[in-house]
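# The following block contains a protein sequence and its predicted model.
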Amino acid sequence: MDSSALIINNLTKTYSNGHKALHGINLEIPHGDFFALLGPNGAGKSTTIGIITSLIKKTSGDINIYGIDIDKNFVKAKTFIGLVPQEINFNTFEPINEIIINQAGYYGVPREVAVPEAKQLLKKLNLWDKKDQFSRKLSGGMQRRLMIARALIHKPKLLILDEPTAGADVEVRRLMWDYLKQLNDDGTTIILTTHYLEEAENLCKNIAIIDDGKILENSSMRSFLSKLKNEKFILYTENKIPKDLNLNGHNFNLIDDNTLEVSISTESNINSLIQDLSKKDIRVKSLKNKTGRLEELFMRLVDKNGK
Amino acid sequence: MENKKNIQLIAYKTIVRKEVLRFSRIWKQTLIPPIITNVLYFIIFGNLIGERIGQIEEYNYTDFIFPGLLLMSVITHSYTNTVSSLYISKYHRYIEELLVSPIQNYTILAGFITGGVIRGLSVGIVVILAAQFFVSFTVHSILLMLIIIVLSSTLFAMCGFLNGLFANDWDDINVIPTFIMTPLTYLGGIFFSVSMLPGIWQDIALINPILYLINALRFSMLGITDVSILFSFFIILLFNLILVSFCLYFLNAGKGLRT
């Protein structure tokens, strides 16, 4: 087993209109990773994915998938990849079972093998009872699940998801998260692009942030999040907070009589704050992190790059 | 995972199956209209006008025009099948299902062409069946007839494929039928023998490649032709080779498919 699922070396892309979308990016994604590729709109995420999946032609650079150079052995390299694209792209006049079985055929899976595989996959994704329906009649959430089923029918080792939960409701999103976690636990390497940073923070082990065609950050999620110096928490109290409250060393803001926003250094812990409040007879009912940690770091990094 | 050769073979069969199912599902749009059109041709041109024209060589006018009408139906539908299938898959973006998979470009081309040829042959069969009521169906050489129909069909399936690659909107898919196929087909001798044309027009008519297809098919069915059969064969093969080279060149360049 090759230890790297994907290696990208000096990848550049200049479109025919002269727009330079990628400025020689480098990435290495280990086998079994759950990897987040994040960036604002137009940063180069979809261009990178398009080149890996050969929907877009690169200008220069190398791509290696599980040890196979995509330029030297295109057929073999592509059998490793499954793609869930950003936009729905089915033949809307084809029954969903046929969509899945045909996709298997494009990857060289014989029909007699694909038929039971498709049944299993559609059952797993709660789509089996819709198997004879045209895809246009499915709900948005079902269409998203169908995209995943289509990408998985040939059992790819590397699954690429380009904003898979865009437009999906909370329930569908959580169902998909559980399914993707399970897939990753079973050994599928996953690359995820998303605008829901909470999604990336919950699911991914490693992260790259791309902006303006350059990789700004490439590290583990844990080490990236540790860069955050302060976090803001919202505390809800049972009793009224006095207006003249004084919290030793903590910056805070009184939102209303029972709600407090406090900034806490990532090097300290929240226990001392709660103890401090308790001494003042203020009982904390619940608390929450105000902003996603990843979102805050992401915005800082992208803003800095913009400046 | 299957080996490379098997991947291409299975992928090819999948594309062909999908293409055939596509036009079979909409048989009312794909197989019935050519019957109606040809029956009208037989009645109006064959029976009503044809009786006044009389015989051409030793055949009555309906029998004389039938090979050309048959060819026109076959090539039009082979063309339409590939251009519409390719363009719709581009428009709805499900062509990406093929583009992200390990399918080689020659397999994609072969799959689409085969789909177009099968539609052309299906239309050919229904037109021949409908013609039984109007023409005295004769075949000079069944093998030659089949070869000419298949080669003409591949040629126009490739024209459709090329048009599909270049098309950027719905209007573009009608460029080749409107400006090239229809005029060349009508001027290619469906309704007349080249020898009936005056002077210089005979020479001009010989520039039209469709004239060779029509005459080759007419020879295979009636045993008469205005041009050399060997030369017709050469022209048909030459155009097939040129078109297959163009299709592969533009596919490999990613024209209309990959950015």
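Happy to help now that I have it. Numbers count the residues shown, from 1 in each chain, chains lettered A, B, ... in the order given.
# Pull up the residues of the stretch 151-300 of chain A that are close to chain B.
Contact residues (CB under 8 Å from any CB of the partner chain) of the stretch 151-300 of chain A with chain B: A:H154. C-betas here are computed from N, CA, C, even on glycine.
# can you map out the helices along the stretch 151-300 of chain A?
Using DSSP state H, counting those that start in this stretch, the helices of the stretch 151-300 of chain A run over residues A:170-185, A:197-203, A:221-225, A:270-279, A:293-306.
# What parts of chain B come near chain A?
Within reach of chain A by CB under 8 Å from any CB, chain B has these residues: B:1-2, B:4, B:6-8, B:10-11, B:13-15, B:17-18, B:21-22, B:25, B:89, B:92-94, B:96-104, B:254, B:258-259.
# List only buried entries from the residues you listed.
Among the residues of chain B next to chain A, those classed as buried by neighbour count (16 or more other CB atoms under 10 Å in any protein chain shown) are B:2, B:4, B:7-8, B:10-11, B:14-15, B:17-18, B:22, B:89, B:93-94, B:96-104, B:254, B:258.
# Can you tell me which of the residues you listed end up in helices?
Helix and strand membership here follows DSSP state H; of these, those in helices are B:4, B:7-8, B:10-11, B:14-15, B:17-18, B:22, B:89, B:96-99.
# so where is chain A shaky, pLDDT-wise?
A:1-2, A:228-229, A:290-292, A:304-307 (pLDDT under 70).
# Nearest to the spatial middle of it, which residue is it?
The centroid of chain A falls nearest to A:L192 when counting by CA atoms, centre = their mean (3.5 Å).
# what sits against it?
By CB atoms under 8 Å, 6 or more residues apart in numbering or on different chains, the contact list for A:L192 reads A:34-37, A:161, A:164, A:180, A:199-200, A:203-204.
# can these go into a markdown table with extra columns for neighbour count?
Shown next, in a markdown table, are these (neighbours: other CB atoms under 10 Å in any protein chain shown):
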| residue | neighbour count |
| --- | --- |
| A:F34 | 23 |
| A:F35 | 27 |
| A:A36 | 24 |
| A:L37 | 28 |
| A:L161 | 24 |
| A:P164 | 25 |
| A:L180 | 22 |
| A:E199 | 22 |
| A:A200 | 23 |
| A:L203 | 19 |
| A:C204 | 23 |
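# And for B:N168, the neighbour number?
The number of residues packed near B:N168 is 11, by other CB atoms under 10 Å in any protein chain shown.
# Looking at the residue nearest to it when sequence neighbours are not counted now. What's its pLDDT?
Once flanking residues are discounted, B:N168 sits nearest to B:G256: 7.8 Å by CB to CB, 6 or more residues apart in numbering or on different chains. Predicted confidence (pLDDT) for B:G256: 87.
# next one: phi and psi at the residue nearest to B:K255 when sequence neighbours are not counted?
Leaving aside its sequence neighbours, B:K255 sits nearest to B:L165 (CB to CB, 6+ apart; 5.2 Å). Note on B:L165: backbone dihedrals following degrees, to the nearest 10 are phi -60, psi -40.
# what does A:S4 give?
Per-residue torsions, A:S4: phi -110, psi 130 (degrees, to the nearest 10).
# ok, it - contacts?
Taking CB under 8 Å, 6+ apart, we find A:S4 in contact with A:28-31, A:64, A:66-67.
# I'd like to know which of those residues are part of strands.
A:28-30, A:64 (DSSP state E).
# want to try a markdown table for those residues, with distance to A:Q133 and neighbour count as columns?
As requested, the ones in strands among the contacts of A:S4 are exported to a markdown table (distance: CB to CB, whole Å; neighbours: other CB atoms under 10 Å in any protein chain shown):
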| residue | distance to A:Q133 | neighbour count |
| --- | --- | --- |
| A:E28 | 42 | 17 |
| A:I29 | 36 | 22 |
| A:P30 | 39 | 15 |
| A:N64 | 40 | 19 |
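# May I see those residues organised as TSV, with distance to chain B added?
Shown next, in TSV, are those (distance: CB to the nearest CB, whole Å):
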residue	distance to chain B
A:E28	22
A:I29	18
A:P30	22
A:N64	16
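# Max pairwise distance over the residues you listed: which two?
By the measure CB to CB, A:P30 and A:N64 form the most distant pair in the ones in strands among the contacts of A:S4, at 12.8 Å.
# Now do the strands in the stretch 51-200 of chain B.
Assigned by DSSP state E, counting those that start in this stretch, the strands in the stretch 51-200 of chain B fall at B:55-56, B:59-60.
# tell me the mean pLDDT over the last one?
To tie it back to what came earlier, the one meant is strand B:59-60. Strand B:59-60 carries an average pLDDT of 85.
# Just checking: what are the partner strands of it?
The sheet places strand B:59-60 alongside strand B:55-56 (antiparallel), with pairing taken from DSSP bridges.
# Show residues contacting the strand it pairs with.
Contacts of strand B:55-56 (CB under 8 Å, 6+ apart): B:61, B:64, B:192-193, B:196.
# need these in JSON lines with neighbour count and distance to A:H23, can you?
JSON lines is the format used below for the contacts of strand B:55-56 (neighbours: other CB atoms under 10 Å in any protein chain shown; distance: CB to CB, whole Å):
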{"residue": "B:Y61", "neighbour count": "20", "distance to A:H23": "70"}
{"residue": "B:F64", "neighbour count": "25", "distance to A:H23": "68"}
{"residue": "B:F192", "neighbour count": "19", "distance to A:H23": "64"}
{"residue": "B:S193", "neighbour count": "15", "distance to A:H23": "66"}
{"residue": "B:M196", "neighbour count": "13", "distance to A:H23": "68"}
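# Out of the helices of the stretch 151-300 of chain A, indicate the one that is most buried.
helix A:197-203 (a mean of 19; mean count of other CB atoms under 10 Å in any protein chain shown).
# middle-most residue in chain B, spatially?
B:I75 (1.7 Å).
# Now it: closest residue in space that isn't a chain neighbour?
In space, B:I75 is closest to B:F156, 4.0 Å off (CB to CB, 6+ apart).
# before we move on, what about B:Y61?
In space, B:Y61 is closest to B:G50, 3.1 Å off (CB to CB, 6+ apart).
# quick one, strands of the stretch 51-200 of chain A?
Remark: strands assigned in the stretch 51-200 of chain A by DSSP E, counting those that start in this stretch are A:60-65, A:68-69, A:81-84, A:158-162, A:189-193.
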